[in-house]
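> Using only what follows, build the 3D model:
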Amino acid sequence: MSLHRLEAVQVLPVGRDEAWEFFSNPRNLSVITPPDMGFEITEEIPERVHPGLIVVYKVRPLLGIPVTWVTEITAVVEGELFVDDQRIGPYRFWHHQHHFRDAPGGTEARDIVHYALPFGPLGGVVNERVIAPRLQSIFDFRRGVIEQRFGLASQPR
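Next up is the predicted model:
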C-alpha cells in the first residue's frame, strides 16, 4: 500500500476565531466542495465538530458515480486543529488534518491529507494520472471559494 500526501496552505485575512467558526462547521463542506461532485450530507449534523462526530454524505468524486462517504471526526483541539478519518468511502485510507494558527495578516489554514488507494499495484499510476490531479483541483476550487468569502490575506476585508 502506497501512502500519498497532499498539503494545502492558505492565509485568511481574518482572526483565528472567525476562521475556526467557518471551517469547524461541517455544514460548510457543501460550500467549499465543487458543485460537479454532487456533495450532499445525508444525515443531520450539528454546527460544530466534536470528537466522535460521524458525517455521512453522498459525493460523486469521479465519472459522476455516487459514493457514500462516512467520516469520523477523531480529534479536536478547539481553535487549532481537527482531524477527519474516512470510515467508509472510496479510499483505502484517508486521514485529513485541518490546522489553524495565527499568521501575519490573519490565520493560516493548513490541510494535510494522507491517503491510500484501493487499486493495489496500479495505485501509483491511478494516483498520478487521476486522483492527485483531481484532489488538487478540489483544493484549488476551495481556495477560490475561501478567497471570495474572506478576501486575500494581503487585502483588508
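> Which residue of this protein lies farthest from its centroid?
residue 121 (26.2 Å; C-alpha atoms, centre = their mean).
> Backbone dihedrals for that residue, please?
Main-chain dihedrals, residue 121, degrees, to the nearest 10: phi -60, psi -20.
> ok, now which ones touch it?
Applying C-beta atoms under 8 Å, 6 or more residues apart in numbering to residue 121 gives no contacts. Placement of C-beta: from N, CA and C, glycine included.
> CA atoms only for the helix or strand bottoming out on mean pLDDT in the chain - export them in PDB, please.
Ranked by mean pLDDT, DSSP states H and E, the weakest helix or strand in the chain is helix 123-126, scoring a mean of 88. C-alpha atoms of helix 123-126 as PDB (Å, rounded to 0.1, in the frame of the first residue of the first chain):
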ATOM      1  CA  GLY A 123      -2.500   2.600  -7.300                       C
ATOM      2  CA  GLY A 124       0.600   4.700  -8.100                       C
ATOM      3  CA  VAL A 125      -0.400   5.200 -11.700                       C
ATOM      4  CA  VAL A 126      -4.000   5.900 -10.900                       C
END
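> After it, which helix or strand is next?
Downstream of helix 123-126, the next assigned helix or strand under DSSP states H and E is helix 132-150.
> residues in contact with that following helix?
4, 6, 8, 10, 12-14, 18-19, 22, 31-34, 37, 61-62, 109, 111, 113, 115, 157.
> Try it again at 6 Å.
Residues outside helix 132-150 that contact it (C-beta atoms under 6 Å, 6 or more residues apart in numbering): 6, 8, 10, 12, 14, 32, 34.
> same check, this time on stretch 53-61
For stretch 53-61, contacts defined as C-beta under 6 Å, 6+ apart pick out 26, 37-43, 45, 66-73, 90.
> Just the ones of those residues in helices?
In helices, judged by DSSP state H, none of the contacts of stretch 53-61 are found.
> Around the closest residue to residue 46 other than its chain neighbours, how many other residues sit close by?
Closest residue to residue 46 in three dimensions, ignoring its sequence neighbours and counting by C-beta to C-beta, 6 or more residues apart in numbering: residue 53, at 7.1 Å. Around residue 53 there are 17 other residues, counting by other C-beta atoms under 10 Å.
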